[in-house]
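J.: this one's sequence-less:
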């Protein structure tokens, strides 16, 4: 029987500052992964040439440094995406920078790519790679100090470092919390950046004899016109897949909250319908591209809705904070309508 202690622990955890709770939880999961009862629910699917044990994954941002992959593997996730990692370690933005909004089942964060650097992350992945069932994705970004003109160098370095150990790599240019990074979606940068990362992918394939798919994570704040331009560029550059979507800076759904003035990306239930709309737009525009849904997945029904809308895989993040490991169990035990 699936043991779920989270409802008892949650009130205590929510009395502590959000980032402190996160840090302590990650430390506990790193040191004692066996505290998580093992869940194995199979729904094998092949996406991007990769065999996934099931369609549910953990989104990047929760395990930035790849220290708790075995614990998340035990939860039953079919894939775990770690990062965002940058070439050099960086502390991120000033604290406080993470805020819970329980009445909305939401989180605002402005972490700013705080991480130990891509080399540290890769070492963590290498140490456990062959001991976990889950597929491992590595999410990469540029250092804050790197200009957009030089961004391709940072992404190239991260890809060259990660490709031996990652099953796929996510190019994160959609975070709302790293100054100027979303400008990389503009025509001035996007085509050149995607060309550069695809060139690096090919070079790494020749070097390692291993093809590692590249995925681009989209922003929910792009207009439909902007999104169509971005998707056209993704298609032209033969990017292997997309994630829709990152967190949003649009606080309209929490306008009545005093927290609505806090800077940072909003995630959780308020993102539910915008993220779902993006799945439909992407699938309509690029009917065959591998598509990972992320954002606003708070229940098994949200999971099913995304699969019905055309997603191949689904990720959770904030839903795990509010529902705990039971969310993984609920999603994976729900009846999954497969796309033809």
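T.: Received, thanks. Because the structure is predicted, anything quoted here is derived from the model rather than measured.
J.: what residues are up against the nearest residue to residue 280 once chain neighbours are set aside?
T.: Of all residues not flanking residue 280 in the chain, residue 309 sits nearest, at 5.2 Å (C-beta to C-beta, 6 or more residues apart in numbering). For the C-beta atoms, the positions are set from N, CA and C on the backbone; glycine is no exception. The neighbours of residue 309, taking C-beta atoms under 8 Å, 6 or more residues apart in numbering as the test, are 276, 279-280, 283, 293.
J.: need the helices for this protein, in chain order.
T.: Taking DSSP state H as the criterion, the chain carries its helices at 6-13, 18-31, 69-75, 118-128, 151-162, 190-208, 224-236, 272-285, 300-308, 318-323, 326-333.
J.: Give me the buried stretch members for the last one, please.
T.: Neighbour counts over helix 326-333 (16 or more other C-beta atoms under 10 Å) mark 326-332 as buried.
J.: ok and it relative to helix 300-308, angle-wise?
T.: Orientation check (axes from the mean of the first three to the mean of the last three C-alpha atoms, to 10 degrees): helix 326-333 against helix 300-308 gives 50 degrees.
J.: Give me the residues contacting helix 326-333.
T.: With contact meaning C-beta under 8 Å, 6+ apart, helix 326-333 is reached by 2, 4, 6-7, 39, 41, 43, 54, 56, 75-77, 297-300, 303, 314, 316, 319-320, 323.
J.: Buried ones among these?
T.: Those of the contacts of helix 326-333 that meet the buried threshold are 6, 39, 54, 56, 75-77, 297-300, 303, 314, 316, 319-320, 323, by 16+ other C-beta under 10 Å.
J.: picking up where we left off before, same list, the helices of the chain, but as TSV with distance to residue 139 and mean pLDDT please.
T.: Listed next are the helices of the chain as TSV, based on distance: least, C-beta to C-beta, whole Å; pLDDT from 0 to 100:
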stretch	distance to residue 139	mean pLDDT
helix 6-13	25	89
helix 18-31	16	95
helix 69-75	13	97
helix 118-128	9	98
helix 151-162	9	97
helix 190-208	13	96
helix 224-236	17	92
helix 272-285	17	96
helix 300-308	19	97
helix 318-323	16	96
helix 326-333	20	94
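J.: Any idea which of those helices gets closest to residue 47?
T.: Among the helices of the chain, the nearest to residue 47 by C-beta to C-beta is helix 300-308 (12.2 Å).
J.: So which bits of that closest one are buried?
T.: Across helix 300-308, burial judged by 16+ other C-beta under 10 Å covers 300, 302-307.
J.: distance of residue 179 from residue 114?
T.: 14 Å (C-beta to C-beta, to the nearest Å).
J.: what's the answer for residue 225, then?
T.: 33 Å.
J.: Of those two, which one has the most company?
T.: Neighbour count, other C-beta atoms under 10 Å: between residue 225 and residue 114, residue 114 has more, with 18 against 8.
J.: for that one, what are its contacts?
T.: So residue 114 contacts 64, 90-93 (C-beta under 8 Å, 6+ apart).
J.: Out of these, which end up buried?
T.: Neighbour-count burial (16+ other C-beta under 10 Å) is assigned, among the contacts of residue 114, to 64, 90, 92-93.
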